[in-house]
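Got a sequence here, can you build the structure:
(one chain, ligands or ions: 1)
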Amino acid sequence: MSVPKIIIAIDGYASTGKSSFAKMIAAKYGFLYLDSGAIYRAVTLFALERGFISDNGEIDQNSLKEALSGLKVTFRREASTQKSETYIGERSVEKEIRQLEVSNYVSPIAVIPFVRDFVDNLLHKFGEDGAIVMDGRDIGTVVFPNAQLKIFMTADAEIRARRREKELLAKGEDVKFEDILKNVLERDYIDSHRETAPLKKADDAILLDNSYMTMEQQMEWFDAIIRERFGYES
Ligand code: CDP
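Model prediction:
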């Protein structure tokens, strides 16, 4: 028996490891993984490169709105690593979108309703056939409210910032723990308090606090849910 072609929605706070978890689930159960945050990050990079964000952080929304119809964001598998990469047109932007500069502007960009519509349209196209695991902030509440399985992730903020620090240092970025913690807390605040599609746990989402869990323990936790809900033995 195989797992039904459901939609799995994983939402939660910044740097809780949603994407690593979603990737593991996708690999184990043969689902497609979709990173909605990567699309918000690509829009942010696009806005920065076009000069639509001023040095004091003001966003030229009119210019962004006009230019957005010309932005093409896709995901492609890199042949040598087999890892999915985010593209703007024909250019891989995977590295740039993960940098702290983009992290610092992404939440103000993600507040804008026409940006959310742009991303939601793309997500709906990707999610049409099911068998997908998607992570973000509003997947289980707004984008796919009928998702058959919803998980809401949280963890202690300092632990999250340490994890992100390790990740960025491993990529050779020169970052400070305090700056990362500040960014994580700021994003959580903006994401949770915005008017359109704020970050919150869907009533039917299962809460996962992974502060003191290993990836293996997390996967065992998930397998047990799949077993109980769908009768599937992995
Ligand atoms: O750093 P982390 O992996 O936790 O974040 P991300 O998933 O890459 O998302 C970056 C930012 O995009 C978030 O802080 C939100 O402001 C925004 N976002 C959103 O508003 N809605 C989503 N479904 C996904 C991301």
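
what are the ranges of the helices in this structure?
Counting by DSSP state H, the chain has helices at residues 18-29, 36-49, 61-68, 94-97, 100-110, 113-127, 157-170, 177-193, 215-230.

Any chance you could note which residues of the protein sit beside the ligand?
Residues of the chain lying close to the ligand by CB under 6 Å from any ligand atom are 14-15, 19, 36-37, 40-41, 106-107, 110, 136-139, 187, 191. Any C-beta I mention is one placed from the backbone N, CA and C, and that applies to glycine too.

thinking again about what came up before, so which of the helices of the chain is the most surrounded?
Highest mean neighbour count of the helices of the chain: helix 36-49, a mean of 22 (counted as mean count of other CB atoms under 10 Å).

for that one, what is the average pLDDT?
Averaging pLDDT along helix 36-49 yields 98.

neighbouring contacts of that helix?
For helix 36-49, contacts defined as CB atoms under 8 Å, 6 or more residues apart in numbering pick out 19, 53, 59, 64, 67-68, 71, 73, 75, 86, 88, 93, 96-98, 101-103, 105-106, 109-110, 115, 118-119, 122-123, 134-137, 139, 143.

Identify the residues contacting stretch 113-121?
Outside stretch 113-121, the residues within contact range by CB under 8 Å, 6+ apart are 36, 39-40, 43, 61, 64-65, 68, 71, 109-110, 142-143, 196-197.

What is the neighbour count of Gln82?
Applying other CB atoms under 10 Å, we find 7 residues neighbouring Gln82.

contacting residues around it?
Taking CB under 8 Å, 6+ apart as the definition, Gln82 has no contacts.

Per-residue pLDDT of it, please?
In this prediction, Gln82 carries a pLDDT score of 77.

Same check on Gly130?
According to the model, Gly130 scores 84 on pLDDT.

who's in contact with stretch 23-34?
With CB under 8 Å, 6+ apart, stretch 23-34 has contacts from 2-3, 8, 19, 22, 75, 84, 123, 126-127, 131-135, 215, 219, 222, 226, 234.

Recalculate using a threshold of 6 Å.
3, 22, 126, 131-134, 219 (CB atoms under 6 Å, 6 or more residues apart in numbering).

Pick the one among the residues of the chain next to the ligand closest to Asp174.
Distances from Asp174 to the residues of the chain next to the ligand, taken as CB to CB, are shortest for Ser15 (18.2 Å).

pretty sure the closest one is touching Arg160, no?
Yes - using CB atoms under 6 Å, Ser15 is in contact with Arg160, at 4.1 Å.

so what sits against both of the two?
Common neighbours of Ser15 and Arg160 (CB under 6 Å, 6+ apart) are Val184.

Provide a list of residues in contact with the spatially closest residue to Ile180 that is not a sequence neighbour.
Distance criterion CB to CB, 6 or more residues apart in numbering; nearest residue to Ile180, sequence neighbours excluded, is Ala161 at 4.7 Å. By CB under 6 Å, 6+ apart, the residues touching Ala161 are 180-181, 184.
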